[in-house]
Structures are given as C-alpha cells and as structure tokens.
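Participant: what shape does this take:
(chains A and B)
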Amino acid sequence: MFPIYKKELQSFFYTPFAYAITALFMLVFSYTFATAIAGMTSSDTLMFSFTEVFYNVTIYFIFLIPILTMRTFADERKFGTEVLLMTSPVSVLKIVIGKFLANMTVFIFMLAGTLVFPIITAINGEVVISQLICAYIGIFSWGAMFIALGMLISSFVESSILAAIIGELVMFGVLFLDDFSNTSFISNYPKLQSALYSFAAQPRFAYFSQGFVRLSDLVFFGSAIIVFLAWTYISIEKRRWNRG
Amino acid sequence: MITIENLTKFYGKNRAVNDISFTIKDNEILGFLGPNGAGKSTTMNMIAGYLPMSDGKVTINGVDIAAEPVKAKMDIGYLPEIPPVYPDMKVKEYLDFCAGLKSIKGKKKKDEIERVMTLLKVKDVQNKLIRNLSKGYKQRVGFAQALLGNPKFLILDEPTVGLDPNQVVEVRNIIKDLKKEHSVIFSSHILSEVSAVCDRVVIINKGDIRAIDTIENLEKPLRDTRILHVKVAGSKATAAAVIGVTKGVKEITEVVDEGNNITSFTVQLDGDADEIRDTLIAECLKNQVSILEIYADKPDLEKVFVELINRPVKKTSLKDLMDEYITEEKSDDDKAEEEKEED
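Facilitator: Numbers count the residues shown, from 1 in each chain, chains lettered A, B, ... in the order given. Sure, this is the predicted structure:
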C-alpha cells in the first residue's frame, strides 16, 4: 500500500499538479472570503466564524475535486500500467486505499493553504475557534466523500478528461440534490422527497458549518466513503472479469 | 513448477482460449508460439493473474492463483506485451516503485535495482524520464521490472519486439542465462527466436494447443530424409556423371549453377541420406570432384510452424463439436468487433 501512496504523491508533487490545483483553490477561496467580508455589517466584525465561506466554497470545490481524482485509475488503464499493479503481490483493496490516501493528502494540502485566512483574521479581529474547527471537520469529511466518488468515476472510464467531465456532472447533481428534492414537483411525492433528501450531503454539511458536529452526519459521510471505495474496488474487479 | 489445467477464457461468446493444459518445469524455458491473435497474451495474462479465467486452474508452485493471488504473485515476474511503465517517472524511480510493490525493502532494494539495471543495460538512462526513452529502452525497463526480486517464474510476452538486432541477441542471451535460476515462459510469433532459446515449445492457434514438444521432435515428421544437397567445385558435367551413377542415388532433381565453377545439386535418394552420403563423398573423392557442402534436407522452420498451426484439432466430445458449431455460426461482423476489442 505504501509504495502506491508514495508513487501517487510523487506524481502530484513532483509535477506542478498539486501546486496548481492548490493555487486555484486558494484563488476561489479568497474570492469567497472577500465576498463574505464585503457583505458584513459592523456588528458582525466582532466575531467572524468562516462558516459561510466554507459553505459557499463548495460550489467551486466540485469543479476541482474531479480534476484531482480524474487520473486515479483512468491513466493506469491508458498507459497499460494497470497490468503492473494487478500482477504485483498487492491486493486490489490496498491499491484503492493507497490511492485514496494520496488524493486525501493533496486535499489536506489544499485545505492547509486556507488556514492563512483565519490566522490573519485572528490577528486583526476575532475568530470563533470552535466553529472554525467544526467547519474544517465538515469540509474534510465532505471532501473525502467527493474524492471517493471521483475515484469511482475514474475507475469506470479510460480517459481522464472524460472522468473529470462525468465527475463534475455527477458531483453537481449530488450538490444540488437537496434543492432538487425541495422542488414543487418532487414535493408531490413526499416519500420520494424524503428518500432523496436523506441522500443529500449539503444539509449535513450545513450543520458542520454552523458549528454542530453530529454523529449522524459523521456516520453519513463515513459510510458514503466506504460505499464509494468498495464500489471502486468492485468496479475494477468487474472490469477485469468482463474485459474484452 | 507452474501447472495449467483446462484453462479456458471467453470474451463474451467468443472463445479466446480453449481448454489448454500444460506444465512449466523448473529451470526450463518454455516457448509460447502462435500467430497474432492466437490467444498467447490472454493465456499469459491469466497465468500472471491479471485476467481471471473463465474455467480451469493455474497453480504456481502449488499455490492456486485464483484462491491465493497475493501469495502466488510473489513468485512471478511479468512483462506484458506493452511494457507497463509510467511515462512521468524516471527509470530509477520507477524501478524503486516496482520493488516496493514486491515488498523488497532497505538495502536489498537498492542492490536489486542496481542488479537489474546492470543486467538490462539501462543504467545510463536511470535518471531520464521514461516518456523520453526509445521503444527499445522502454522494453528493457519493463523487463528489468519483471526481474526485480528474482522471482522464480518469469512470464515474458514478446520481450524482443521493438529491439534492434543487437539488443535482440543480448536479450536472448539474458533469457538463456535466466534458466539457471528461473523458469521462463516466453512468447513469440517468430519461430527462429523460439528455437534459438527454448527447451520446449507450446504452439497454439485460435485458442487451441496444436503441439507441445521440443523443436527437434516437432521437425522430425516433416524432415524428408531422402534428399541430399551437394555443392561441388569443378566441371558440372563430371560431377553430374559421378553423382548420377552413385549407388543409392535415384535422380538429380535440381542443378543450380552458382558461378565461379560452383554447382549445387539436389539429389533424390533411394534410401536414408545418412548412409548414402558417405558413399557419395567417397565416389566424388575418387573421381576428383571436390565437395564444398553436403547436407540432408532440413525442413524450413516457418513451414513447420505453418503446418503445425493449421493442423486440425481433434474434437474429443460432442460438446466440443457443438461449441465449435455455435462459434462458427456467429456473423463475421461480430467476430471483427470482438477482435478489435481484444486488440
């Protein structure tokens, strides 16, 4: 598992990839941050909690995460290196987990960059630390789920560009699932509405960004990650069985 | 020892490998020979544990590769048809990664990487990005990867494709050397290469085994022992007269004037060439006809190959016959599509 993790990290950090995607993320984060402070009234300036910033930044995030995960399996297939991994004495599950951890490391690297904003705010004003921590826990679990989803999509296709485009479409759908379930059309079917709503990630993420860490939300994200990773594993195995 | 029992692979309805069984003994080089699309790569992928088999069993040193893949794969080094290299990695980085995959650690890892780089002569490019290497170098880097950790069994799928003639000879010598410690399965569609390197050959076509034997044994039934080729210097007429009346010679079937007073005769004999040859040499010496070359007819290796792969397969049961019938019934379009997919 560790060699795969290391190799993936090398491919992210020995190339401009990780730095470019982090820079892009910082750009959209600072834009969201700037919009948030621009819209503040004087009474808000005493305490700043970043909750809204993190919630608003997710719309940009779903365009970046597929770019991060698109190469995970699609490139292995394209270069024929999948054979190398599959014929080496490493189980497929370990390959999946190794790659997931590498993607998560880049994700953490991206998040670490955003720490600069709370730090500067704390120096010149006041930050609600507890809410900030909640927001970070939230965006971390939220991102982990989308990374697992991105990897799953990458395991379906052979072209990384296709993986990115499909990933963006699917993630866009997941992001607006709660809004979709609240439309008047869906509310005609209350059972369907509640079923769709229970799969929506955004309301759960909203709790985190409001400063609540609820066990049920953690379980939701945790189980979604496990489901997507297990599905990735099954998808890779299934492709081998069906090949040709 | 690798045992392959009743290995079968279906791609959809198309049968790519059909119930093949053979074994690879220790310290043996087994050639795997067949035309393009014969099922060589599919079989090798199954032996190496990349593709699951539709039916049958592969055991590596007694370990079933389907039941205990991780344990079985420890003993295998595999070079697929397309070398599995990452274009964005440097050669040394890549080999380091591969050694890691095979759980080789610490000083041993360093030594192993050095060893395979020296063996395959890729040391001079160790700090180059693989994407910038030529096909031959990529092939050798892929080969080096297979040798890491000194696995007992090596599966090499067309290892000499894309190499220049010099490198081909080098790689063949490496493979011959590997025999001391390893068993090698080595596929090719070039018969002369297989006959130069391998102890035994398995010939397959369209997923069926056509023959398993040593090259000599395979050639034997096709060798015509009643023909001698004689090349002489001097007068054509004298030589023809002497050869024509020698006991055991039936007739001279072909006379080729090669210039410089040298003539080649192809001689049809009454009996076995080995016995008549000596008489013929004695007669020629007596009559002052100098012989430059004399040899019994050798079958053309390519002819042997063509003969063997086109040999009809014996159908053992009604089920086989029915299967064949069903496969043949499929439209040509289907087949073309499947072939494309397989490529």
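Participant: residues touching the residue nearest the centre of chain A, list them.
Facilitator: Nearest residue to the geometric centre of chain A (C-alpha atoms, centre = their mean): residue A:143, 2.5 Å. Contacts here follow C-beta atoms under 8 Å, 6 or more residues apart in numbering or on different chains; on that basis residue A:143 touches A:61, A:65, A:107, A:111. For every residue, glycine as well, the C-beta is placed using N, CA and C.
Participant: element containing the second one, please.
Facilitator: In this case it means residue A:65. Here residue A:65 sits within helix A:51-69, counting by DSSP states H and E.
Participant: show residues contacting the helix or strand following that helix.
Facilitator: Sequence-wise, the next helix or strand downstream of helix A:51-69 (DSSP H and E) is helix A:71-79. Helix A:71-79 has contacts (C-beta under 8 Å, 6+ apart) with A:11, A:81-82, A:85, A:99, A:103, A:150-151, A:154-155, A:157-160, A:162-163, A:232, A:236, B:84-87.
Participant: avg pLDDT for the helix or strand containing residue B:72?
Facilitator: Using DSSP H and E, residue B:72 sits in helix B:69-73. When pLDDT is averaged over helix B:69-73, the result is 85.
Participant: just stretch B:44-59 next, same as before
Facilitator: The average pLDDT within stretch B:44-59 is 86.
Participant: same check on stretch B:241-252?
Facilitator: Mean per-residue pLDDT for stretch B:241-252: 81.
Participant: residues contacting the most centrally placed residue in chain B?
Facilitator: Centrality entry for chain B: nearest residue to the mean C-alpha point is residue B:194, 3.3 Å, by C-alpha atoms, centre = their mean. Taking C-beta under 8 Å, 6+ apart, we find residue B:194 in contact with B:31, B:33, B:186, B:188, B:201, B:215.
Participant: which parts of the chain are helices?
Facilitator: With no chain named, the answer covers chain A. Along chain A, counting by DSSP state H, helices occupy A:2-13, A:17-38, A:51-69, A:71-79, A:82-87, A:92-114, A:116-124, A:129-156, A:160-175, A:177-181, A:184-187, A:190-199, A:202-209, A:215-242.
Participant: actually it's chain B I care about, not the one you picked
Facilitator: B:40-47, B:69-73, B:91-101, B:106-119, B:135-147, B:165-178, B:191-197, B:215-219, B:236-245, B:273-286, B:301-309, B:318-329, B:332-342.
Participant: adding distance to residue A:175, write those out as JSON lines.
Facilitator: Below are the helices of chain B laid out as JSON lines (distance: least, C-beta to C-beta, whole Å):
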{"stretch": "helix B:40-47", "distance to residue A:175": "40"}
{"stretch": "helix B:69-73", "distance to residue A:175": "38"}
{"stretch": "helix B:91-101", "distance to residue A:175": "36"}
{"stretch": "helix B:106-119", "distance to residue A:175": "45"}
{"stretch": "helix B:135-147", "distance to residue A:175": "42"}
{"stretch": "helix B:165-178", "distance to residue A:175": "54"}
{"stretch": "helix B:191-197", "distance to residue A:175": "58"}
{"stretch": "helix B:215-219", "distance to residue A:175": "65"}
{"stretch": "helix B:236-245", "distance to residue A:175": "92"}
{"stretch": "helix B:273-286", "distance to residue A:175": "84"}
{"stretch": "helix B:301-309", "distance to residue A:175": "58"}
{"stretch": "helix B:318-329", "distance to residue A:175": "49"}
{"stretch": "helix B:332-342", "distance to residue A:175": "36"}
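Participant: what about the spatially closest residue to residue B:266 that is not a sequence neighbour, how many residues nearby?
Facilitator: Distances taken as C-beta to C-beta, 6 or more residues apart in numbering or on different chains place residue B:254 nearest to residue B:266, at 3.8 Å, with adjacent residues excluded. If you count neighbours by other C-beta atoms under 10 Å in any protein chain shown, residue B:254 ends up with 11.
Participant: residue A:142 touches residue A:57, doesn't it?
Facilitator: No: counting by C-beta atoms under 8 Å, residue A:142 does not reach residue A:57; the two are 10.5 Å apart.
Participant: can you pull the contacts of residue 229?
Facilitator: I'll assume chain A. Listed by C-beta under 8 Å, 6+ apart, the contact set of residue A:229 reads A:96, A:97, A:100, A:148, A:151, A:152.
Participant: could you do chain B instead?
Facilitator: Counting by C-beta under 8 Å, 6+ apart, the residues that residue B:229 touches are B:264, B:265, B:266, B:267, B:293, B:294, B:295, B:296, B:297.
Participant: and stretch B:292-305, what's its mean pLDDT?
Facilitator: Across stretch B:292-305, pLDDT averages out at 74.
Participant: do me a favour and get the end-to-end distance for it?
Facilitator: With C-alpha to C-alpha, to the nearest Å applied, stretch B:292-305 spans 30 Å between its terminal residues.
Participant: residues contacting the nearest residue to residue B:157 once chain neighbours are set aside?
Facilitator: Distance criterion C-beta to C-beta, 6+ apart; nearest residue to residue B:157, sequence neighbours excluded, is residue B:81 at 4.5 Å. Listed by C-beta under 8 Å, 6+ apart, the contact set of residue B:81 reads B:41, B:157, B:158, B:161.
Participant: doesn't residue B:193 make contact with the third one?
Facilitator: No: here residue B:158 does not reach residue B:193: they are 9.6 Å apart, not a contact under C-beta under 8 Å.
Participant: just the CA atoms of the helix holding residue B:72, as PDB, please.
Facilitator: Taking Å, rounded to 0.1, in the frame of the first residue of the first chain, the C-alpha atoms of helix B:69-73 are listed here in PDB:
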ATOM      1  CA  PRO B  69      -3.400 -14.400  -5.600                       C
ATOM      2  CA  VAL B  70      -1.100 -12.400  -3.400                       C
ATOM      3  CA  LYS B  71       1.000 -15.400  -2.400                       C
ATOM      4  CA  ALA B  72       1.100 -16.800  -5.900                       C
ATOM      5  CA  LYS B  73       2.100 -13.500  -7.500                       C
END
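Participant: which parts of chain A sit against chain B?
Facilitator: Residues of chain A that fall close to chain B, judged by C-beta under 8 Å from any C-beta of the partner chain: A:2-4, A:6-7, A:10-11, A:14-15, A:79-91, A:240-241, A:243-244.
Participant: so who does residue B:184 touch?
Facilitator: Residue B:184 neighbours (C-beta under 8 Å, 6+ apart): B:28, B:29, B:30, B:153, B:154, B:155, B:156, B:175, B:178.
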